[in-house]
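Undergrad: everything below, folded, please.
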Amino acid sequence: MRTLLAMKRAVIAALAACALAGCGGNAYHRWYPPGSNTDCTPPTNTVLVYPSNNATGVPDNTMTVYVAVPTALSTPANFDVNLIGPPSYGSQLTYGFTAVTYSSIPTPNTVPTYSNPQYYATTLRNTLTAATAFGVYWNQLNNGCNSSTSASLIGSFTTQ
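TA: Reported below is the predicted structural model:
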């Protein structure tokens, strides 16, 4: 009984310390994208450029996802996307963003409606599955963002 009480006190103390310290991991190493107030939220007006949002018939050999934001990311390599498929596929985090020019993006694609968009590419780690729907979620590397908690859906597409 005494051991159980001591364990309960230790858990309560740990939770209290976590709450006071702002637990959530990487509290001292967060990079916030312009226009957002959390690291799991993309900048306002982020656009899934390729594959286009709601695109169908996307080649399953696609290995790069492109996004556009209205203001340059100060540390693009700290951000990527989490690609979520059906349970049989699961999810995959891509590599960090790299700045690219619009001319390097495959067509058909989506052109943002605002002026001077900043384009970024991120490479998939694994191939896509044919005839499968995928959700594309904003992610900051090395933190707690994921599709089941606080990550933001920026678009979706279906492979051919």
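
Undergrad: contacts and neighbour counts: CA atoms only from here.
TA: OK.

Undergrad: does residue 111 touch residue 49 like I think?
TA: Yes. Look at residue 111 against residue 49 with CA atoms under 8 Å: they come within range, at 6.6 Å.

Undergrad: neighbour count winner among those two?
TA: Neighbours per residue, other CA atoms under 10 Å: of residue 111 and residue 49, the larger number sits with residue 49, 25 against 15.

Undergrad: against residue 70, how distant is that one?
TA: Distance, residue 49 to residue 70, by CA to CA, to the nearest Å: 13 Å.

Undergrad: residue 41 too?
TA: The value you get for residue 41 to residue 70, if CA to CA is used, is 14 Å.

Undergrad: tell me which element residue 157 is part of?
TA: strand 153-159 (DSSP states H and E).

Undergrad: give me the neighbour count for the nearest residue to residue 134 once chain neighbours are set aside.
TA: Excluding the flanking residues, the one nearest residue 134 by CA to CA, 6 or more residues apart in numbering is residue 85, at 4.6 Å. Residue 85 has 19 neighbouring residues, counting by other CA under 10 Å.

Undergrad: any idea of the pLDDT on residue 85?
TA: Here, the pLDDT recorded for residue 85 equals 94.

Undergrad: that one touches residue 135, doesn't it?
TA: Yes. The pair residue 85 / residue 135 is scored as a contact, 6.5 Å apart, by CA under 8 Å.

Undergrad: which residue ranges make up each domain of the protein?
TA: The chain breaks down by automatic domain parsing into domains covering 1-29, 31-159.

Undergrad: among those, which is the most enclosed?
TA: domain 31-159 (a mean of 18; mean count of other CA atoms under 10 Å).

Undergrad: what helix or strand is residue 74 located in?
TA: Per DSSP H and E: nothing holds residue 74, as it lies in no helix or strand.

Undergrad: and residue 22, what's its pLDDT?
TA: At residue 22, pLDDT is 38.
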